[in-house]
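1. based on what follows, work out the 3D shape:
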Amino acid sequence: MSEFYSDKDVQREVTELQGKSATAARLFDIRRIIGGLFVLYGVIVMIAGFTASDADIDKAEGVNINLWTGLGMLLLGLFFLAWLKLRPAAPPPPREEETVE
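-> Modelled structure (predicted):
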(Lines give C-alpha, C1' and ligand atoms only; values in the text may rest on other atoms or scores of the structure.)
Protein backbone atom coordinates (compact mmCIF):
# COMPACT_ATOMS: atom_id res chain seq x y z
CA MET A 1 0.00 0.00 0.00
CA SER A 2 1.51 3.26 -1.08
CA GLU A 3 0.64 6.63 0.36
CA PHE A 4 1.60 9.96 -1.10
CA TYR A 5 2.39 12.87 1.15
CA SER A 6 2.28 16.49 0.20
CA ASP A 7 5.38 18.63 0.57
CA LYS A 8 3.67 20.45 3.42
CA ASP A 9 3.13 17.21 5.38
CA VAL A 10 6.73 16.12 4.83
CA GLN A 11 8.06 19.51 5.91
CA ARG A 12 5.92 19.44 9.07
CA GLU A 13 7.21 15.96 9.98
CA VAL A 14 10.81 17.01 9.33
CA THR A 15 10.34 20.05 11.57
CA GLU A 16 8.86 17.92 14.35
CA LEU A 17 11.72 15.41 14.12
CA GLN A 18 14.32 18.17 14.18
CA GLY A 19 12.71 19.62 17.30
CA LYS A 20 12.69 16.22 19.01
CA SER A 21 16.30 15.61 17.96
CA ALA A 22 17.47 18.93 19.38
CA THR A 23 15.61 18.26 22.64
CA ALA A 24 17.18 14.81 22.94
CA ALA A 25 20.63 16.24 22.20
CA ARG A 26 20.25 18.79 25.00
CA LEU A 27 18.85 16.20 27.39
CA PHE A 28 21.71 13.75 26.86
CA ASP A 29 24.49 16.34 26.71
CA ILE A 30 27.55 14.77 28.33
CA ARG A 31 28.10 17.85 30.48
CA ARG A 32 24.71 17.31 32.14
CA ILE A 33 25.48 13.66 32.88
CA ILE A 34 29.00 14.28 34.19
CA GLY A 35 27.94 17.33 36.19
CA GLY A 36 24.99 15.56 37.74
CA LEU A 37 27.03 12.53 38.75
CA PHE A 38 29.82 14.63 40.25
CA VAL A 39 27.31 16.69 42.25
CA LEU A 40 25.58 13.54 43.50
CA TYR A 41 28.80 11.75 44.43
CA GLY A 42 30.27 14.93 45.88
CA VAL A 43 27.34 15.30 48.26
CA ILE A 44 27.59 11.64 49.28
CA VAL A 45 31.35 11.88 49.94
CA MET A 46 30.90 15.16 51.84
CA ILE A 47 28.32 13.50 54.09
CA ALA A 48 30.88 10.75 54.73
CA GLY A 49 33.38 13.50 55.57
CA PHE A 50 31.02 15.14 58.06
CA THR A 51 30.46 11.82 59.81
CA ALA A 52 34.12 10.72 59.79
CA SER A 53 35.48 9.37 63.03
CA ASP A 54 38.76 10.43 64.61
CA ALA A 55 40.28 7.11 63.55
CA ASP A 56 39.41 7.82 59.89
CA ILE A 57 40.97 11.28 60.10
CA ASP A 58 44.09 9.85 61.77
CA LYS A 59 44.48 7.37 58.89
CA ALA A 60 44.72 10.34 56.53
CA GLU A 61 47.31 12.05 58.73
CA GLY A 62 44.91 14.58 60.21
CA VAL A 63 43.16 15.58 57.00
CA ASN A 64 39.45 14.95 56.54
CA ILE A 65 40.02 13.65 53.02
CA ASN A 66 36.38 12.73 52.41
CA LEU A 67 35.26 16.25 53.16
CA TRP A 68 37.82 17.87 50.87
CA THR A 69 37.35 15.35 48.07
CA GLY A 70 33.57 15.71 48.29
CA LEU A 71 33.88 19.48 48.14
CA GLY A 72 36.12 19.23 45.08
CA MET A 73 33.71 16.85 43.35
CA LEU A 74 30.78 19.10 44.17
CA LEU A 75 32.55 22.16 42.75
CA LEU A 76 33.55 20.27 39.59
CA GLY A 77 29.97 19.08 39.09
CA LEU A 78 28.63 22.60 39.56
CA PHE A 79 31.22 23.84 37.05
CA PHE A 80 29.95 21.38 34.43
CA LEU A 81 26.32 22.34 35.07
CA ALA A 82 27.14 26.07 34.91
CA TRP A 83 29.04 25.47 31.66
CA LEU A 84 25.97 23.74 30.26
CA LYS A 85 23.75 26.63 31.31
CA LEU A 86 26.06 29.37 30.00
CA ARG A 87 27.01 27.65 26.71
CA PRO A 88 24.12 25.38 25.68
CA ALA A 89 24.61 22.98 22.80
CA ALA A 90 23.63 24.48 19.49
CA PRO A 91 21.04 22.54 17.54
CA PRO A 92 22.44 20.74 14.53
CA PRO A 93 22.13 22.63 11.24
CA PRO A 94 19.22 21.50 9.10
CA ARG A 95 20.13 19.06 6.37
CA GLU A 96 18.80 19.44 2.90
CA GLU A 97 16.32 16.70 2.22
CA GLU A 98 16.92 14.38 -0.66
CA THR A 99 14.22 14.69 -3.22
CA VAL A 100 12.23 11.55 -3.92
CA GLU A 101 10.87 11.25 -7.39
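2. which elements pack onto the helix or strand hosting residue 82?
-> Using DSSP states H and E, residue 82 sits within helix 65-86. For helix 65-86, the elements it packs on are helix 30-50, judged by 3 or more C-beta pairs under 8 Å, 6 or more residues apart in numbering; DSSP states H and E. Backbone N, C-alpha and C define where each C-beta goes, glycine included.
3. can you list the buried residues in the helix it packs on?
-> Buried residues in helix 30-50, counted by 16 or more other C-beta atoms under 10 Å: 31-32, 34-35, 38-39, 41-42, 45-46, 48-49.
4. which one of those residues is nearest to residue 87?
-> The closest of those to residue 87 turns out to be residue 31 (C-beta to C-beta; 8.8 Å).
5. list the contacts for that closest one?
-> Residue 31 makes contacts with 80-81, 83-84, as judged by C-beta atoms under 8 Å, 6 or more residues apart in numbering.
6. list only buried entries from those residues.
-> By neighbour count, with 16+ other C-beta under 10 Å, the contacts of residue 31 hold 80-81, 84 as buried.
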